[in-house]
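**Student:** got a predicted model here, sequence first, then my questions.
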Amino acid sequence: MDKYIYDLLPERDAVVKEMEAYAAEHRVPIIGPAVARLLTLLVQVSGARRIFEMGSAIGYSTIWLARAAGTKAKVFYTDGNPENARRAQEHFRKAGVAKRINVQVGDALELVKKTPGKFDFIFNDINKHQYPDALRAALPKLQRGWRYGLPQGLARSLFYFHVLRPQCQ
Ligand SMILES: C[S@@+](CC[C@H](N)C(=O)[O-])C[C@H]1O[C@@H](n2cnc3c(N)ncnc32)[C@H](O)[C@@H]1O
């Protein structure tokens, strides 16, 4: 199933493919290219520029967010693991998006509250048992007309993407 879906997708560039290979070898649970394309679409149709990511790992999804939001993007990377952050920064340089990304190491629930300003889009990809607390921390930080995304992997290739809209507040 994974192979069928992934074979339908356009070729990725060398940096992204290197990250996919690293994630497969080291079992890093990245969103993968199918969910990444949906994320790209959501960012592009919403016109989001200022984006906060909770749980960025090696920066795979962060690169997709930064590219989707364009050259004026400001994407906030967060992860609790400093080694992930170090590796992610290497990838950001190689992918040519380092200037669009602010890297913060620590608890994403605290960081989203502490980072000044509001966000157009918050992508939450931390451990699932933290989702209720993450939602409580993230909602006050969203602009009006906000989007809050959660990936839910099923057989690693099917996905459900939940976007809450203002009328659901
Ligand atoms: C599913 S992985 C993220 C994958 C990444 N979004 C991607 O698709 O490329 C989850 C990451 O969240 C981090 N994490 C879990 N809980 C966290 C928290 N409360 N604060 C910051 N990072 C957290 C873990 O270290 C892990 O790297």
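**Tutor:** All right, it came through fine.
**Student:** for the residue in the chain that the ligand sits nearest to, which residues are in contact?
**Tutor:** Among the residues of the chain, Gly55 lies nearest to the ligand; the distance is 2.9 Å by CB to the nearest ligand atom. Heads up, the C-betas are built off the backbone N, CA and C, glycines and all. Under the criterion of CB atoms under 8 Å, 6 or more residues apart in numbering, the neighbours of Gly55 are Thr78, Asp79, Ala108, Asn124, Asp125, Ile126, Asn127.
**Student:** now with 7 Å?
**Tutor:** Thr78, Asp79, Ala108, Asn124, Asp125, Ile126 (CB atoms under 7 Å, 6 or more residues apart in numbering).
**Student:** which of the helices or strands spans the nearest residue to it once chain neighbours are set aside?
**Tutor:** Closest residue to Gly55 apart from its sequence neighbours, by CB to CB, 6 or more residues apart in numbering: Ile126 at 3.6 Å. Counting by DSSP states H and E, no helix or strand carries Ile126.
**Student:** okay, now Ile126: neighbour count?
**Tutor:** By the criterion of other CB atoms under 10 Å, Ile126 has 21 neighbours.
**Student:** now do Leu42
**Tutor:** The local packing count at Leu42 equals 18, with neighbours defined by other CB under 10 Å.
**Student:** anything in the strand or helix carrying it near the ligand?
**Tutor:** Using DSSP H and E, the element containing Leu42 is helix 32-46. No - legend: contact between helix 32-46 and the ligand by CB under 6 Å from any ligand atom is lacking; minimum distance shown is 7.5 Å.
**Student:** so what's the spatially most central residue of the chain up against?
**Tutor:** By CA atoms, centre = their mean, the chain has its centre lying nearest to Ser61, at 4.1 Å. Taking CB under 7 Å, 6+ apart as the criterion, Ser61 is in contact with Ile30, Ile31, Ala36, Leu39, Glu53, Phe123, Asp125.
**Student:** ok, those vs Val103, which is closest?
**Tutor:** The closest of these to Val103 turns out to be Glu53 (CB to CB; 10.5 Å).
**Student:** bridge partners for the closest one, pull those for me.
**Tutor:** The residues listed as beta-bridge partners of Glu53 by DSSP bridges are Phe123.
**Student:** check contacts around it.
**Tutor:** With contact taken as CB under 7 Å, 6+ apart, Glu53 is in contact with Ser61, Thr62, Leu65, Val75, Phe76, Tyr77, Thr78, Phe123, Asp125.
**Student:** same check, this time on Val97
**Tutor:** By CB under 7 Å, 6+ apart, Val97 lies in contact with Ile63, Ala66, Arg67.
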